[in-house]
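Q: I'll drop the sequence and a predicted model, then ask my questions.
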Amino acid sequence: MKHKFFSLMLMPLILLFGCSLKKSEGENDFNTNNDTSKAGQVKNLLIGEQILKDDLGMIVRVVGPYLLTQQSQDNNDNVVFKVYDLKDLSFLGNVGLRGRQGPNTFYGVNYSGQFYEKNGDYIIWVNDPPKFRISAVNITQSLKTKETVIERYIQHDPELDFMNALFVVDSVNLVGHQPGFQMGSNNKPLNIFKDGELNSYGDYPLVRNSDEFPKWNDGRNFNSVRLVMKPDESRFAAGMLHYDRLDVFDNEGKLVNSNRDAENYKTYDVNEIYYSDMAMKEGLKFYYTGAYATNDLLFTLYYDIKRVDYESIYPTTIRVFDWDGNLKHELNCPDHLWNISVDEQNGYLYGGSFTQEKLMRYDIKGYL
């Protein structure tokens, strides 16, 4: 089950100018290591507690006063979300059903963290790629009526290929990342569909010797990102999965800042990303694997590992940025997290660990 979870996380899912070149405006390089005290202990080490031990969902989301756990698509009851009270973690009910038929069922579920409050109700935007629609699901009313209440939905053209992160801006426009399953749909990390027109922004690095890369999945490439939106819809951050780089854009697609590996600005060799050995082990390098946004801060899960090592990386590094792209904190988590969410009001970070099969909560009051 662990490897299955890992594959699911990757399916819905970059350093410009060589170090000898002068950096252009909007770039910020860094090379941070774990900070240790004189006693040899890691600073900024988060101490956590396991929560919801009987819940099988390993993806956790904070939505206003609620804590949602996204359930596996293999669960027999076909439930999408289990909902808990954020104050005491008491169970409140289920929201959403998986299925092919009916307007209130979900064939696919991609929730990227966008929600809003209206008259005391909390509504989340859930993308259903196979149905080419993103739906506003009223969590509060769904709990009250014990039925899935969809306020409205936006249908998107199949040619847009919005299979990954997707956000609704100004109530009608769409912003997302496209994973490239359709030819030409993944040329840029940020895609804005506004007033009926699709425009793409940002760039990916060049990859040397790419002909050595085995063409899995009809030409799969390295260009995957973790896209997140500032709750006030003014900025976006694209953390790149296979390149050590995080870009911040404004809502017009202009680059605000780019944090990049100081050693690799413009090009990568394919062997720095993809690897294979005589023991038949193969995989990719991983960097930004998850993110969560508040209006003040951007929390990111940052790895610097090969897939063969992913089950043994402790602690997990959590990089915290402001929305100008400046690194504010680097936190060390003793568990192997694959997703994170933040309760800003009470000062907690929540995370799910697929390899450890548990949900965790950490006190981060000192970093907010």
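A: Noted; the coordinates are in hand.

Q: only C-alpha atoms for contact and neighbour calcs from this point on.
A: Fine.

Q: which residues does the closest residue to F91 other than its chain neighbours contact?
A: Distance criterion CA to CA, 6 or more residues apart in numbering; nearest residue to F91, sequence neighbours excluded, is Y84 at 4.5 Å. Listed by CA atoms under 8 Å, 6 or more residues apart in numbering, the contact partners of Y84 are Y66, L67, L68, S90, F91, L92, G93.

Q: try S171
A: Neighbour list for S171: empty [criterion: CA under 8 Å, 6+ apart].

Q: about what we covered before: so the residue nearest to F91, which of the three states?
A: strand (DSSP: H, G, I helix; E, B strand; the rest coil).

Q: Okay, it and R61: tell me how far apart.
A: 10 Å (CA to CA, to the nearest Å).

Q: Same question for L46.
A: According to CA to CA, L46 and R61 sit 19 Å apart.

Q: what about these two, which has more around it?
A: R61 (24 against 19; other CA atoms under 10 Å).

Q: helices and strands of this protein: which one bottoms out on pLDDT?
A: Within the chain, no helix or strand scores below helix 2-10, which has a mean of 39 by mean pLDDT, DSSP states H and E.

Q: Okay, helices next: where are they in the stretch 151-300 of the chain?
A: Per DSSP state H, counting those that start in this stretch, the stretch 151-300 of the chain carries helices over the ranges 270-273.

Q: Show me the strands in it, by range?
A: Assigned by DSSP state E, counting those that start in this stretch, the strands in the stretch 151-300 of the chain fall at 166-169, 173-176, 190-194, 197-201, 206-208, 225-229, 235-240, 245-250, 255-261, 267-269, 274-276, 282-293, 297-306.

Q: tell me the centre residue of the protein?
A: When CA atoms, centre = their mean is applied to the chain, the residue found nearest the centroid is G290 (3.7 Å).

Q: which residues touch that residue?
A: Here G290 is in contact with R226, G239, T300, L301, Y302, W338, N339, I340 (CA under 8 Å, 6+ apart).

Q: Just put these in a markdown table and tack on neighbour count.
A: Listed next are the contacts of G290 as a markdown table, based on neighbours: other CA atoms under 10 Å:
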| residue | neighbour count |
| --- | --- |
| R226 | 24 |
| G239 | 29 |
| T300 | 27 |
| L301 | 23 |
| Y302 | 24 |
| W338 | 21 |
| N339 | 22 |
| I340 | 26 |
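
Q: Under a three-state scheme, what state does D324 occupy?
A: Per three-state DSSP, D324 ends up coil.

Q: ok, now how distant is it from Y302?
A: Separation of D324 from Y302 (CA to CA): 18 Å.

Q: for K328, same thing?
A: 14 Å.

Q: Also K365?
A: K365 is 20 Å from Y302, by CA to CA.

Q: And for I150?
A: 34 Å.

Q: Now for L337: which residues touch it?
A: L337 sits in contact with L301, T316, G351, G352, S353, F354, where contact means CA under 8 Å, 6+ apart.

Q: make it 10 Å
A: 58-59, 289-290, 301-302, 313-318, 350-360 (CA atoms under 10 Å, 6 or more residues apart in numbering).

Q: What of F321?
A: By CA under 10 Å, 6+ apart, the residues touching F321 are L246, A293, D296, L297, L298, F299, T300, L327, K328, H329, E330.

Q: again, only using 7 Å
A: F321 makes contact with L297, L298, F299, L327, K328, according to CA atoms under 7 Å, 6 or more residues apart in numbering.

Q: Contacts only, for the second one.
A: I take that to be L298. L298 sits next to Y292, V320, F321, D322, W323 when contact means CA under 7 Å, 6+ apart.

Q: Relative to R235, which of those is nearest.
A: Within the contacts of L298, proximity to R235 (CA to CA) peaks at W323, which comes in at 7.5 Å.

Q: Report how many residues lie close to the closest one.
A: Each residue near W323 was counted by other CA under 10 Å, and the total is 23.

Q: ok, back up a step: name the stretch from the strands of the stretch 151-300 of the chain that approaches E159 most closely.
A: Once the strands of the stretch 151-300 of the chain are compared by CA to CA, strand 197-201 is nearest, at 10.7 Å.

Q: For that closest one, C-alpha coordinates in CSV please.
A: Output of strand 197-201 as CSV, limited to C-alpha atoms (Å, rounded to 0.1, in the frame of the first residue of the first chain):
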residue,chain,number,x,y,z
GLU,A,197,-7.9,32.8,-23.3
LEU,A,198,-5.2,30.6,-22.0
ASN,A,199,-1.7,32.1,-21.3
SER,A,200,1.3,30.3,-19.9
TYR,A,201,4.1,31.8,-17.7
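
Q: and the gap between A165 and S224?
A: Distance from A165 to S224, counting by CA to CA: 11 Å.

Q: Sorry, wrong one. I was asking about T140.
A: T140 is 33 Å from S224, by CA to CA.

Q: Looking at the two, which one has more neighbours?
A: Counted by other CA under 10 Å, T140 and S224 do not tie: S224 has more neighbours, with 28 against 19.

Q: doesn't L241 make contact with the more buried one?
A: Yes. Contact criterion CA atoms under 7 Å: S224 and L241 qualify, at 5.6 Å.

Q: circling back to that earlier point, in TSV: the contacts of L298, plus distance to G283 and pLDDT.
A: What follows is the contacts of L298, written out as TSV (distance: CA to CA, whole Å; pLDDT from 0 to 100):
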residue	distance to G283	pLDDT
Y292	26	96
V320	27	96
F321	28	96
D322	32	96
W323	32	97
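
Q: Name the helix or strand for the spatially closest residue to T69 that is not a sequence neighbour, please.
A: Leaving aside its sequence neighbours, T69 sits nearest to V60 (CA to CA, 6+ apart; 4.5 Å). Using DSSP states H and E, V60 sits within strand 59-63.
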